[in-house]
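Trainee: have a look at this prediction, sequence included:
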There are 2 protein chains.
Amino acid sequence: MRIGELSRATEVPVPTIKYYLREGLLPQGELSSPNQASYGDRHVRRLRLIRALVELAQVPVAQVKEILESLDADDVPLHEQIGRAHRALTPTRKQTASEEARAAATTQVTELITRRGWSVEPEAPALATLIETVAALRTLGQDDLVGFLDAYADAVERFTELEIDAVTTNPTRDQLAESVVIGTILGETLISSLRLLAQESISAHRWKNR
Amino acid sequence: MRIGELSRATEVPVPTIKYYLREGLLPQGELSSPNQASYGDRHVRRLRLIRALVELAQVPVAQVKEILESLDADDVPLHEQIGRAHRALTPTRKQTASEEARAAATTQVTELITRRGWSVEPEAPALATLIETVAALRTLGQDDLVGFLDAYADAVERFTELEIDAVTTNPTRDQLAESVVIGTILGETLISSLRLLAQESISAHRWKNR
DNA sequence: CGCTTATGGATACTGATACTATCCATCACA
DNA sequence: TGTGATGGATAGTATCAGTATCCATAAGCG
């Protein structure tokens, strides 16, 4: 398959494919001569994955690169590979909250995690995000939402178990790691759009006459 | 309060505040003379909200503007105002999937919505996103995750009910609309980081020795 | 009153991101 | 043999989210 066919097969413009090649998101094709390379099914699948992450899940290209690198590093123990993938796909956000708000939020989140029996490394970026979010919610006067932290955690635990079960049925290790990545990222847009639909439909019903 | 104090109170640099004023995210201060304006508590709160949306939830500035406009338009029925806010905060994504994949996904999603008894307008952007996501998941060979759509919907319904209850306790209408916005957006980063933590802790446990 | 600093408002510049466009020397194939 | 595609390199573009600079005016201090 040459680049033009790859482009037609995936509906990604040739210059964009070249850009991904340059950036190292897509592995080089096999060169048969200095200016003739051939691409295979692997490239088609990789390209589709890239597009889903970039377009649908709006993951920055640089981050997609890290994620894909973690997928390709299959010379380490599985849990290590998955850990890396996980780190690569958790965005790090700037700190927003005030010192005090963050301190209070940290306590609350730590307690939640203990109560849940979760084992979380203290440097996990998701932990920082959670703390910042709780702090922001309090600062914005939404303390009641924060009161539902446990209820959120309940619901989240429920589908996380399911997801991990689903992913575990994958026969090969490569597929497993890839499923973790896809499941984590596209799962998020899935949940988010379901939530918006549910909100719309419940709230339309609830406030029909106000 | 002058702009410098506003800046100190919120830790937002003065040029950034000026930028938000220019862009119409932040209402103008009251002019006491041609180059002297005073800002109040309203500005502090608005600025904090803007920062939480922009920095924490990574909402584009242009979209934040729309969201805030929908909050300020309180001359329409409540459900209409909330609908507008909702539309403003649902991102529209480019179409990615192939024609066939989208057709199949549309059927599946429509059935899900019927089964759930949700009332959803056919043009809701979240609906399009959901369809694209399901199509992408299938294309990427993650059909088993798609099989859990109902389980996801269950979990999502659960916390949506909670959220709407929480928000309904707000006495004034302005606060209610604002809570809907904050709850929807920051709720999402809350859920997402909880999910990542849960995944990490469950998966670390599950794959410890592989 | 004078002097330094801050302010409001306008305009220009910057750095990052994600592509697009152009060139050119091959190369495939009709 | 010539027309179009290809690989690789380099340059250009659009958008976004601020930053920086200017300037005339105003406030606060001694």
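Mentor: All right, it came through fine.

Trainee: who in chain A is up against DNA strand C?
Mentor: Listed as neighbours of DNA strand C in chain A under the rule CB under 7 Å from any atom of the strand: A:13, A:15-16, A:18-19, A:32-36, A:54, A:60-62. Bear in mind the C-beta positions are built from the backbone N, C-alpha and C, glycine included.

Trainee: farthest pair in these?
Mentor: By the measure CB to CB, A:33 and A:60 form the most distant pair in the residues of chain A next to DNA strand C, at 34.9 Å.

Trainee: any idea how far stretch A:114-122 is from the chain center?
Mentor: In terms of CA atoms, centre = their mean, to the nearest Å, the centre of stretch A:114-122 is set 20 Å apart from its chain centre.

Trainee: tell me the mean pLDDT over that stretch?
Mentor: Averaged across stretch A:114-122, pLDDT comes to 94.

Trainee: now do stretch A:69-86
Mentor: 88.

Trainee: mind listing what's buried along that stretch?
Mentor: Neighbour-count burial for stretch A:69-86, counted by 16 or more other CB atoms under 10 Å in any protein chain shown, picks out A:70, A:71, A:78, A:79, A:81, A:82, A:83, A:84, A:85, A:86.

Trainee: the most centrally placed residue in chain A and residue B:145, how far apart?
Mentor: Centroid-nearest residue in chain A, with CA atoms, centre = their mean: residue A:185, separated by 3.0 Å. Per CB to CB, to the nearest Å, residue A:185 is found 11 Å from residue B:145.

Trainee: check residue A:119 too.
Mentor: 25 Å.

Trainee: ok, the two, which is more surrounded?
Mentor: For residue A:119 versus residue B:145, the count of surrounding residues by other CB atoms under 10 Å in any protein chain shown is larger for residue B:145: 23 against 12.

Trainee: make sure residue A:53 is actually in contact with residue A:66.
Mentor: No: applying CB atoms under 8 Å, one finds residue A:53 not in contact with residue A:66, separated by 11.1 Å.

Trainee: between these two, which is the more surrounded one?
Mentor: residue A:53 (25 against 16).

Trainee: assign the more buried one to helix, strand or coil.
Mentor: Secondary structure, DSSP: H, G, I helix; E, B strand; the rest coil: residue A:53 is helix.

Trainee: now do the contacts for it.
Mentor: A:59, A:64, A:67, A:185 (CB atoms under 8 Å, 6 or more residues apart in numbering or on different chains).

Trainee: which residues touch stretch A:119-132?
Mentor: The contact list for stretch A:119-132 (CB under 8 Å, 6+ apart) reads A:87, A:90-93, A:95-97, A:102, A:105-106, A:109, A:113, B:56, B:189-190, B:192-194, B:196-197, B:200-201, B:204-205.

Trainee: residue A:84 against residue A:74, yeah?
Mentor: No: counting by CB under 8 Å, residue A:84 sits too far from residue A:74 to count as a contact (10.7 Å).

Trainee: for chain A, which segments are assigned as helices?
Mentor: A:3-10, A:14-23, A:41-51, A:61-72, A:78-89, A:99-116, A:125-139, A:143-146, A:149-168, A:173-206 (DSSP state H).

Trainee: centre of the chain to the fourth one, how far?
Mentor: The one in question is helix A:61-72. 11 Å.

Trainee: gap between residue A:32 and residue A:125?
Mentor: Applying CB to CB to residue A:32 and residue A:125 gives a distance of 43 Å.

Trainee: of those two, which one has the most company?
Mentor: Using other CB under 10 Å as the criterion, residue A:32 and residue A:125 rank with residue A:125 on top: 16 against 9.
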